[in-house]
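**Q** With the input below, show me the fold.
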Amino acid sequence: MATSASWQPQEEGFREICGLLEQQISPSSTADKSQIWQQLQHYSHFPDFNNYLAFILARAEGKSVEIRQAAGLLLKNNLRTAYKSMVPANQQYIKSELLPCLGAADRHIRSTVGTIVSVVVQLGGILGWPELLQALLNCLDSNDVNHMEGAMDALSKICEDIPQVLDSDVPGLAERPINIFLPRFLKFFQSPHPSLRKLSLGSVNQYIMLMPAALYASMDQYLQGLFVLANDPATEVRKLVCAAFVQLIEVRPSFLEPHLKNVIEYMLQVNKDTDDEVALEACEFWSAYCDAQLPPEYLKEFLPRLIPVLLSNMAYADDDESLDDAEDDESLPDRDQDIKPRFHSSRFHGSDNLEDDDDDIVNIWNLRKCSAAALDVLSNVFADEILPTLMPIIQAKLSASGDEAWKDREAAVLALGAIAEGCINGLYPHLSEIVVFLIPLLDDKFPLIRSISCWTLSRFSKYIVQNGHEQFEKVLMGLLRRILDTNKRVQEAACSAFATLEEEAAEELAPRLEIILQHLMCAFGKYQRRNLRIVYDAIGTLADAVGDALNQNSVPTDDLDDLQPACLEILMPPLIAKWQQLPNSDKDLFPLLECFTSIAQALGSGFAQFAQPVFQRCIDIIQNQQLAKVNPVSAGVQYDKEFIVCSLDLLSGLVEGLGSGIESLVAQSNLKDLLLQCCMDDAYDIRQSAFALLGDLARVCPVHLHPRLSEFLDVAAKQLNTSKLKETLSVANNACWAIGELAVKVRQEVSPIVVAVISYLVPILQHAEELNNKSLVENSAITLGRLAWVCPELVSPHMEHFMQSWCIALSRIRDDIEKEDAFQGLCAMVKANPSGALNSLVFMCRAIASWHEIRSEELHNEVSQVLHGYKQMLRNGAWDQCMSALEAPVKDRLSKYQV
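**A** You can find the predicted model right below:
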């Protein structure tokens with residue numbers, strides 16, 4: 001083993017590195033920090049540079065703690081990348097310098113050493129450092145507080161970063177390390193030193209999820225320790241006690257069941273802790289309890305005491321950052337850090353489109369939000385049972401007058417919104433009064449009351465839309481006024497609330513389109529960047545909600561030729577001006593591209609007058625980004641795949657909206673070549689959107705895909721034949737759909753890939769249950785049917801391999817044109833190979849019976865012929881035997897074919 005004597009620093013190198021570290025950390029240093037950083041990077045190419053850093057951390061007693069700590073942090077970062085490639089002697093030197101420092105006199109040095117120890121164990125494992133465990137044990141058992149704390153610090157970091165390392169067998173050790181350490185951790189629960197109580201409790205908590213045998217066996221001792229620490233004077237310790245109970249109730253509720261009343265009583269008390277962080281940790285317990293499926297009645301008796309605590313914690317704290325937003329700030333430009341990164345989700349063809357989560361208005365989790373979330377969960381579990389306790393408190397808070405009580409009023413409005421879903425039945429008789437009460441609050445003098453009233457009203461949108469014209473009108477106009485508020489926070493809440501109302505109201509909005517658009521476009525003109533995104537979203541949602549009504553004309557005055565659609569007059573010029581103003585590399589284009597996608601789909605052919613520049617811009621962006629991927633300098637922009645995804649999706653929206661009207665634009669462009677490149681991209685979200693566009697183009701202008709048809713078909717087929725299918729289900733789904741769309745248009749020309757594609761689709765249908773992706777299974781069934789329709793002679797010889805699972809999938813698809821195509825394939829195959837379906841006849845009958853009504857008379861007759869053909873083919877009671885295996889409703893539905 002290399003001893004520390006085997007490597008010695010050179011005085012000059014030592015001085016130079018210390019000097020650089022000193023300049024790097026000194027706030028008053030005039031040196032260029034990036035230059036110092038480069039110099040340190042340059043040194044890191046020397047094989048023993050990290051030895052110097054270890055030496056400075058461990059032994060440079062004459063240097064300041066800050067310099068030694070800086071050396072340690074740089075060492076930690078270097079080891080992450082270089083440790084495994086270092087020569088063993090240097091690794092050994094560094095480890096031998098770290099161990100004596102576990103008990104260093106300075107807490108900062110001990111903590112830095114603990115961090116490095118954890119990194120070395122992550123990289124080299126326990127086996128790679130045989131001396132470590134004994135050194136840690138010696139420190140824990142030393143009775144010297146510095147040594148105990150240093151070892152506990154290192155162990156707590158190992159438990160946090162790589163807990164499984166201590167719960168694994170180590171060759172040469174009689175038992176797992178956790179078995180040796182756990183009794184010592186539990187003993188430290190009673191230490192007089194708060195730091196040891198905190199570190200030991202934090203370390204044990206890391207094992208609740210893994211639940212090693214040692215902890216399972218010591219559970220009673222652990223719980224007793226938690227009860228002892230429950231009223232610890234150190235807030236950090238109380239916080240960890242709460243965290244332990246929350247994790248136990250989530251992962252192992254059975255352990256707490258005998259103690260539940262005591263635990264609930266304790267959490268209720270701590271939920272009122274003077275330290276907000278402790279109270280927040282305690283507050284997480286209520287949602288966790290409800291999710292744990294424990295008997296609700298245990299909690300029920302505590303509700304009359306719990307609900308007032310939650311409500312009182314829902315008022316804004318004095319230091320809440322949102323209180324800074326309480327002034328007229330609409331003209332202040334947003335800072336970059338105020339603008340959250342946004343993510344566009346690629347286009348998806350099928351039935352599994354996931355709902356977006358509601359975007360919380362300011363994304364900092366705190367006691368107020370946690371209390372509101374707990375009330376929401378409780379209202380969903382206990383429903384109207386909470387109202388007798390809750391409503392008198394809400395009413396009292398709402399009627400509190402005077403400026404100083406505004407936070408109570410605001411919390412009461414938040415509470416109404418939180419229970420809007422769970423208590424809707426009990427609130428229903430009073431909803432009309434509640435809404436009448438909330439509408440004036442939209443004009444309250446306090447901006448945070450205006451913003452919360454927007455949100456709460458949006459939680460009742462379903463009721464507001466159904467409950468008659470007058471209230472709907474008042475809420476709609478109230479939200480539109482707030483969209484033009486002078487406070488950014490209110491603007492944001494109003495726009496989001498309005499988008500929720502739009503989704504509920506849908507075509508009800510059509511008569512009010514002009515006034516809605518006037519308000520939205522006025523907001524568009526005055527909003528700063530961050531809220532602008534929400535206006536785009538509200539415009540897009542409006543387009544999705546009212547559809548073709550956006551094309552409606554205003555009543556002409558006298559000149560009958562002047563029938564320009566009024567809505568488009570208001571809507572489009574500002575959007576086009578913005579579109580022209582933003583460069584191709586500006587991320588603010590994303591929400592605008594999404595907004596245009598919704599508008600193009602809503603307007604249909606009405607979008608034709610705007611289509612050419614929009615189409616061309618999308619092509620330019622894709623082309624430029626594909627260049628930037630290879631050569632950002634000549635493209636003049638940094639590559640960002642999201643530009644390609646958004647542009648492909650907008651092109652899909654144009655194709656969907658304009659239909660065959662897009663043909664001339666496609667014909668004059670190089671879209672097919674760009675699209676093929678996108679279909680082969682290594683980023684799966686680009687491929688997902690590319691295959692969606694391929695399918696859309698196949699529907700309306702397949703002729704322009706023709707020159708590269710075989711390449712499109714090959715690359716689409718490849719997406720279905722992959723070992724990574726589970727990770728790229730959405731790509732496979734869209735590629736599968738696109739193959740089917742191409743097949744029905746180019747017919748026999750798909751023949752080169754048919755057998756291969758069938759061989760990829762059959763396993764998807766056979767493993768439908770474990771894939772658990774409804775859309776991919778439906779699209780696979782439809783595409784298989786479409787291929788069978790256009791090339792029955794190629795598909796029918798393989799029928800018996802897939803008829804059963806295929807028919808099961810077909811019977812779950814709703815009636816539509818795609819299902820018709822698939823059944824055309826079924827009929828064509830049966831004609832070509834009648835015996836191929838004999839063993840699956842029962843499944844085929846169920847698939848046929850899944851139709852409510854086949855609209856195409858031709859297909860209805862074909863299906864009827866298939867059934868009668870089998871009835872004639874199966875003699876001697878075999879047909880009746882098949883019929884008797886069918887359920888009564890299936891037989892009923894088949895009766896219309898007279899079989």
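
**Q** List the buried residues in the host helix or strand of Phe181.
**A** Assessed by DSSP states H and E, Phe181 sits inside helix 177-188. For helix 177-188, burial by neighbour count (16 or more other CB atoms under 10 Å) applies to Pro177, Ile178, Asn179, Ile180, Phe181, Leu182, Arg184, Phe185, Leu186, Phe188. For glycine as for every other residue, the C-beta is placed from the backbone atoms N, C-alpha and C.

**Q** what's the answer for stretch 812-826, then?
**A** Going by 16+ other CB under 10 Å, stretch 812-826 has these buried residues: Ile813, Glu818, Lys819, Glu820, Asp821, Ala822, Phe823, Gln824, Gly825, Leu826.

**Q** The second one and Ile782 touch, don't they?
**A** So that's Glu818. Yes - with contacts counted by CB atoms under 8 Å, Glu818 reaches Ile782, the gap being 4.8 Å.

**Q** Mutual contacts of these two, please.
**A** Both Glu818 and Ile782 are in contact with Gly740, where contact means CB atoms under 8 Å, 6 or more residues apart in numbering.

**Q** low-confidence ranges in the stretch 1-150 of the chain?
**A** 1-5, 29 (pLDDT under 70).

**Q** Quick one: the helices in it, in order.
**A** When secondary structure is read from DSSP state H, counting those that start in this stretch, the stretch 1-150 of the chain shows helices at 11-25, 33-43, 49-59, 65-82, 88-101, 107-124, 130-140, 145-161.

**Q** swap in the stretch 601-750 of the chain?
**A** Using DSSP H, counting those that start in this stretch, helices in the stretch 601-750 of the chain cover 608-630, 632-635, 641-658, 663-667, 671-679, 684-700, 709-718, 729-746.

**Q** Of all these, which one is nearest Glu250?
**A** helix 729-746 (28.6 Å; CB to CB).

**Q** Could the C-alpha coordinates of the following helix or strand past the closest one be exported in CSV?
**A** Where DSSP H and E defines the elements, the next helix or strand beyond helix 729-746 is helix 751-766. The C-alpha coordinates for helix 751-766 follow below in CSV (Å, rounded to 0.1, in the frame of the first residue of the first chain):
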residue,chain,number,x,y,z
SER,A,751,-46.2,-4.4,-51.3
PRO,A,752,-42.4,-4.5,-50.7
ILE,A,753,-42.8,-3.8,-47.0
VAL,A,754,-46.1,-5.6,-46.2
VAL,A,755,-44.8,-8.9,-45.0
ALA,A,756,-42.1,-7.2,-42.8
VAL,A,757,-44.7,-4.8,-41.3
ILE,A,758,-47.1,-7.6,-40.5
SER,A,759,-44.4,-9.5,-38.7
TYR,A,760,-43.8,-6.4,-36.5
LEU,A,761,-47.5,-5.7,-35.9
VAL,A,762,-48.5,-9.2,-34.8
PRO,A,763,-46.3,-9.2,-31.6
ILE,A,764,-47.7,-5.8,-30.7
LEU,A,765,-51.3,-7.2,-30.9
GLN,A,766,-50.3,-10.4,-29.1
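
**Q** helices or strands next to whichever helix or strand comes after helix 751-766 in the packing?
**A** Using DSSP H and E, the next helix or strand after helix 751-766 towards the C-terminus is helix 768-771. Other helices and strands packing on helix 768-771, by 3 or more CB pairs under 8 Å, 6 or more residues apart in numbering; DSSP states H and E, are helix 799-810.

**Q** Now the helix it packs on - C-alpha only, PDB.
**A** The C-alpha trace of helix 799-810 is given here as PDB (Å, rounded to 0.1, in the frame of the first residue of the first chain):
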ATOM      1  CA  MET A 799     -53.900 -15.200 -41.000                       C
ATOM      2  CA  GLU A 800     -54.000 -18.000 -38.500                       C
ATOM      3  CA  HIS A 801     -51.100 -16.400 -36.600                       C
ATOM      4  CA  PHE A 802     -52.900 -13.200 -35.800                       C
ATOM      5  CA  MET A 803     -56.700 -13.600 -36.300                       C
ATOM      6  CA  GLN A 804     -57.500 -14.000 -32.700                       C
ATOM      7  CA  SER A 805     -55.500 -11.100 -31.200                       C
ATOM      8  CA  TRP A 806     -56.400  -8.900 -34.200                       C
ATOM      9  CA  CYS A 807     -60.100  -9.500 -33.800                       C
ATOM     10  CA  ILE A 808     -59.900  -8.800 -30.100                       C
ATOM     11  CA  ALA A 809     -58.300  -5.400 -30.900                       C
ATOM     12  CA  LEU A 810     -60.800  -4.600 -33.700                       C
END
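
**Q** what comes into contact with that helix?
**A** Contacts for helix 799-810 (CB under 8 Å, 6+ apart): 758, 761-762, 765-766, 768, 777-778, 780-781, 784-785, 819, 822-823, 826, 829, 833, 836-837, 839-840, 843-844, 846-847, 850.

**Q** One more: stretch 490-507?
**A** Contacts of stretch 490-507 (CB under 8 Å, 6+ apart): 330, 358-359, 361, 447, 450-452, 454-455, 457-458, 461-462, 464-465, 472, 475-476, 479-480, 482-485, 509, 523, 527, 530-531, 534-535, 537-538, 541-542, 545-547, 549.

**Q** thinking Gly653 is in contact with Ala602, fair?
**A** No - with contact defined as CB under 8 Å, Gly653 does not reach Ala602; the gap is 9.4 Å.

**Q** Settle it for me: which of those two has more neighbours?
**A** Gly653 (25 against 22; other CB atoms under 10 Å).

**Q** What distance do you get for the more buried one to Leu694?
**A** Distance of Gly653 to Leu694, given as CB to CB, to the nearest Å: 15 Å.

**Q** Then Leu550?
**A** Counting by CB to CB, the gap from Leu550 to Leu694 is 28 Å.

**Q** And Glu711, by the same measure?
**A** 11 Å.

**Q** Likewise for Gly825?
**A** Taking CB to CB, one finds Gly825 at 21 Å from Leu694.

**Q** ditto for Asp169
**A** 53 Å.

**Q** coming back round to it: give me the distance from the helix holding Phe181 to the chain's centre.
**A** Centroid displacement of helix 177-188 relative to its chain, using CA atoms, centre = their mean, to the nearest Å, is 38 Å.

**Q** The nearest residue to Leu431 once chain neighbours are set aside: which element?
**A** Leaving aside its sequence neighbours, Leu431 sits nearest to Tyr463 (CB to CB, 6 or more residues apart in numbering; 5.3 Å). Element membership of Tyr463 [criterion: DSSP H and E] is helix 461-466.

**Q** on contacts alone, who are the packing partners of that helix?
**A** helix 431-441, helix 469-483, helix 488-505.

**Q** any chance you could map the helices in the stretch 151-300 of the chain?
**A** Under DSSP H, counting those that start in this stretch, the stretch 151-300 of the chain gives helices at 177-188, 194-205, 213-217, 219-229, 235-251, 253-256, 260-270, 276-291, 296-300.

**Q** need those helices in JSON lines with mean pLDDT and distance to Val645, can you?
**A** Below are the helices of the stretch 151-300 of the chain laid out as JSON lines (pLDDT from 0 to 100; distance: least, CB to CB, whole Å):
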{"stretch": "helix 177-188", "mean pLDDT": "97", "distance to Val645": "46"}
{"stretch": "helix 194-205", "mean pLDDT": "98", "distance to Val645": "41"}
{"stretch": "helix 213-217", "mean pLDDT": "96", "distance to Val645": "46"}
{"stretch": "helix 219-229", "mean pLDDT": "96", "distance to Val645": "49"}
{"stretch": "helix 235-251", "mean pLDDT": "96", "distance to Val645": "36"}
{"stretch": "helix 253-256", "mean pLDDT": "92", "distance to Val645": "43"}
{"stretch": "helix 260-270", "mean pLDDT": "95", "distance to Val645": "45"}
{"stretch": "helix 276-291", "mean pLDDT": "95", "distance to Val645": "35"}
{"stretch": "helix 296-300", "mean pLDDT": "92", "distance to Val645": "45"}
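
**Q** who touches Asn670 in this structure?
**A** Applying CB under 8 Å, 6+ apart, the residues near Asn670 are Ile619, Gln623.

**Q** again with Gly636
**A** Ser585, Asn624, Ala628.

**Q** nearest spatial neighbour of the first one, skipping sequence neighbours?
**A** Excluding the flanking residues, the one nearest Ser585 by CB to CB, 6+ apart is Val637, at 4.0 Å.
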